[in-house]
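Student: have a look at this prediction, sequence included:
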Amino acid sequence: MTWTSDQIPDQTGRTAVVTGGGSGLGLIVAAGLAQRGARVIMAVRDTARGEAARADLQGDVEVRRLDLLDLDSVRAFASEVDAVDLLVNNAGVAGQAHTLSPQGHGSHFATNHLGHFALTGLLLPRLTKGIEPRVVTVSSYMYRYGRFGERRGYSHTRAYADSKLANVLFGLELHRRLEAAGSPVGSYLAHPGMARTPLQGKNSSRLQAVLGTAMARIVGRSAEEGALPLLYAATAREAPSATMIGPGRRAAPAQEPLRPVATDLEAAHALWELSESATGVRY
């Protein structure tokens, strides 16, 4: 399959929320959607940096504060979104030291999964009324090394992989529940592969930050190429839901087979119950 950002359908009349929209993949996704006519809300932790990034974009783009680590911030953000047709759960952290969210959850799990779980649930009533409504959850190929459940000791690499597995389990379980309810909202999964983004250099270990950045420069694809699977999942009418869309040959979006760890229904149900309890958000 060949697909480029030039093939993004007209997005006029649609409102898109892109988390982490102020830099990296999120900024490219926000720009691509805005250029095709969407109203884009860039949900960012640092609004000053977000406004600086927005200044270079064309189209209807606004910046609003969202700190996915803090569920109070998620609720405040969601309460101010009046309409949404597309939610791109893109923001994430990696390489974090062992720290806890204000609600007492590990930073990787809280930011990468719980914040997005809560945001999606809070926005779902508005998404249901949207135009071709979709939720795109951005994971990573690292999900295949993740595990659901307690681990001994702390490793930021394992914590990241576990949070990315949680993204996949969530996206698939969301699809099953939406389909069972006859909802018009679609649930899509995408990952960028190894792309050259600022995330590669954010690591609590300086050595690993340097190595990650160097590796991305050597074998990684550009951020623009990494964003293509995300844009495809967000806009292409032929994009398949309930599967993983990643970069294929020549960076064109391609459907990937899911690893068994992602299709564990028992783990998906347990994660859903844990997430509802931890966030207080019930779908």
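Tutor: Thanks, I have the structure now.
Student: list the contacts of stretch 134-145.
Tutor: Identification of contacts with stretch 134-145 by Cβ atoms under 8 Å, 6 or more residues apart in numbering yields 25, 85-90, 92, 116, 120, 127, 158, 160-161, 164-165, 167-168, 170-171, 174, 185-194, 230, 233-234, 244, 246, 259, 261-262. For glycine as for every other residue, the C-beta is placed from the backbone atoms N, C-alpha and C.
Student: run the last query once more with 6 Å
Tutor: Residues outside stretch 134-145 that contact it (Cβ atoms under 6 Å, 6 or more residues apart in numbering) are 86-90, 120, 161, 164-165, 167-168, 171, 186-191, 233-234, 259.
Student: ok, now stretch 174-185?
Tutor: Contacts for stretch 174-185 (Cβ under 6 Å, 6+ apart): Leu127, Thr128, Pro133, Ser187, Ser241, Ala242.
Student: dump the C-alpha coordinates for stretch 138-153 into PDB.
Tutor: Extracted in PDB, the C-alpha atoms of stretch 138-153 (Å, rounded to 0.1, in the frame of the first residue of the first chain):
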ATOM      1  CA  VAL A 138      -0.800   5.600  19.800                       C
ATOM      2  CA  SER A 139       1.300   2.800  21.100                       C
ATOM      3  CA  SER A 140       4.800   1.500  20.300                       C
ATOM      4  CA  TYR A 141       6.400  -1.600  19.000                       C
ATOM      5  CA  MET A 142       7.700  -1.900  22.600                       C
ATOM      6  CA  TYR A 143       4.300  -3.200  23.600                       C
ATOM      7  CA  ARG A 144       5.400  -6.700  22.700                       C
ATOM      8  CA  TYR A 145       7.800  -6.600  25.600                       C
ATOM      9  CA  GLY A 146       5.200  -5.400  28.100                       C
ATOM     10  CA  ARG A 147       3.300  -7.300  30.800                       C
ATOM     11  CA  PHE A 148       0.200  -6.700  32.700                       C
ATOM     12  CA  GLY A 149       0.600  -7.200  36.400                       C
ATOM     13  CA  GLU A 150       3.100  -6.500  39.200                       C
ATOM     14  CA  ARG A 151       6.800  -6.600  38.600                       C
ATOM     15  CA  ARG A 152       9.700  -6.800  41.100                       C
ATOM     16  CA  GLY A 153      11.900  -3.800  41.200                       C
END
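Student: just how off-centre is it within its chain?
Tutor: Offset of stretch 138-153 from its chain centre (Cα atoms, centre = their mean, to the nearest Å): 16 Å.
Student: buried ones in the helix or strand hosting Glu273, by neighbour count?
Tutor: Secondary structure assignment for Glu273, by DSSP states H and E: helix 265-279. Residues Ala267, Ala268, Leu271, Trp272, Leu274, Ser275, Ala278, Thr279 are the ones in helix 265-279 that count as buried (16 or more other Cβ atoms under 10 Å).
Student: done for today, thanks.
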